Each structure stands twice: as C-alpha cells, then as structure tokens.
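# need coordinates for the below:
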Amino acid sequence: MRVTQPVTEETTAGLSAEQRLVVESRGWPHSFEVMEQGDEEGRPRRYETWSYYDGGITYIFVDGAFVTWRDAELQPLTLVPWPYRPNQFTLGDGADRVEASLAGHKWLTLAGLEALPHLQVNGSDMRLLGFEGGRLVLVEALA
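Sure, this is the predicted structure:
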C-alpha cells in the first residue's frame with residue numbers, strides 16, 4: 001500500500017489539465033524526474049517523466065502537455081510515504097530558495113558525478129537536485 005499526499009486543489013496547483021487527470025486517476029507518481037532543456041531556439045522547456053511501479057508505466061510531459069507513455073520494466077517495491085510532488089519544484093529557482101522550500105530535510109552536495117559533470121548536485125531523502133549556474137535544472141525523486 002502506498003501513502004502519499006492527498007489529491008486536492010491545493011496539491012494539484014500548477015499542474016496542467018492532462019497532469020491533473022493522471023494524478024486524479026493514478027495518484028502521485030512513485031518516482032519522477034523534472035528537467036529543464038532548451039528547445040531548437042534555446043528556450044527552456046520543462047520535461048517530466050512520472051513512473052508508476054504498480055502498473056509498470058511511465059508518463060512523459062513537456063511543459064505540462066502529455067507527450068506519450070511507455071511500458072516500463074519497473075520492479076515491484078515496498079513503497080513508503082512520499083512527501084514530494086513534481087509540481088512543487090520550480091525550475092530556475094536558486095539553491096537558497098529550494099533549500100528554504102524543503103525546510104527540515106537535510107541535504108548535501110555530491111561531488112564527482114560522472115553522468116552530470118556540468119551540474120552541482122545535491123541529494124537527500126531519495127532525491128537529487130541539479131543546479132547549473134546557480135539555477136535548478138534537474139529534480140529526480142526515487143521511490
């Protein structure tokens with residue numbers, strides 16, 4: 001059994017209509033990734049992948065619009081209460097603002113991650129935060 005934050009108007013604020021439909025039908029994702037990448041003209045776009053382990057499915061959104069879904073080979077997990085939601089992270093925020101919004105959660109700076117050499121990466125509580133030029137550009141929350 002999975003316990004997460006309730007689905008209310010307050011907790012779904014900032015979600016697109018398509019994302020809200022997924023949350024209302026499936027609940028909050030077990031794990032998610034939120035990432036900023038530039039499009040062809042260099043404008044920042046918000047890419048999100050939401051994974052549900054009980055159904056083995058991942059939903060993909062770009063700037064809140066549903067793009068596609070895929071079957072995922074996700075192993076069944078013992079899931080724990082989860083305090084994070086994809087819509088609570090604002091890409092572009094500075095580290096001080098992000099840290100303040102996660103008050104009470106200890107985090108530390110991780111050094112030498114080969115996969116993300118251009119990012120300052122902070123981690124704690126099954127979550128990674130990536131900063132580039134002092135701006136939040138990556139969030140990974142694991143089940």
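# how far does the longest helix anywhere in the chain sit from the chain's center?
Counting residues, the longest helix in the chain under DSSP state H turns out to be helix 17-26. Distance, stretch centre to chain centre, for helix 17-26: 15 Å (Cα atoms, centre = their mean, to the nearest Å).
# partner strands of the helix or strand just after it and their direction?
Next along the chain after helix 17-26, taking DSSP states H and E as the criterion, comes strand 31-38. Sheet pairing of strand 31-38 (DSSP bridges) gives strand 44-52 (antiparallel), strand 135-141 (antiparallel).
# deepest-packed of those, please.
Of the strands paired with strand 31-38, the one with the most neighbours on average (mean count of other Cβ atoms under 10 Å) is strand 135-141, at a mean of 20. For every residue, glycine as well, the C-beta is placed using N, CA and C.
# C-alpha coordinates for it, CSV please?
Output of strand 135-141 as CSV, limited to C-alpha atoms (Å, rounded to 0.1, in the frame of the first residue of the first chain):
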residue,chain,number,x,y,z
ARG,A,135,19.6,27.6,-11.2
LEU,A,136,17.6,24.4,-10.5
VAL,A,137,17.5,22.4,-13.8
LEU,A,138,17.0,18.8,-12.6
VAL,A,139,15.0,17.0,-9.9
GLU,A,140,14.9,13.2,-9.5
ALA,A,141,12.8,11.7,-6.9
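# right, I'll leave it there.
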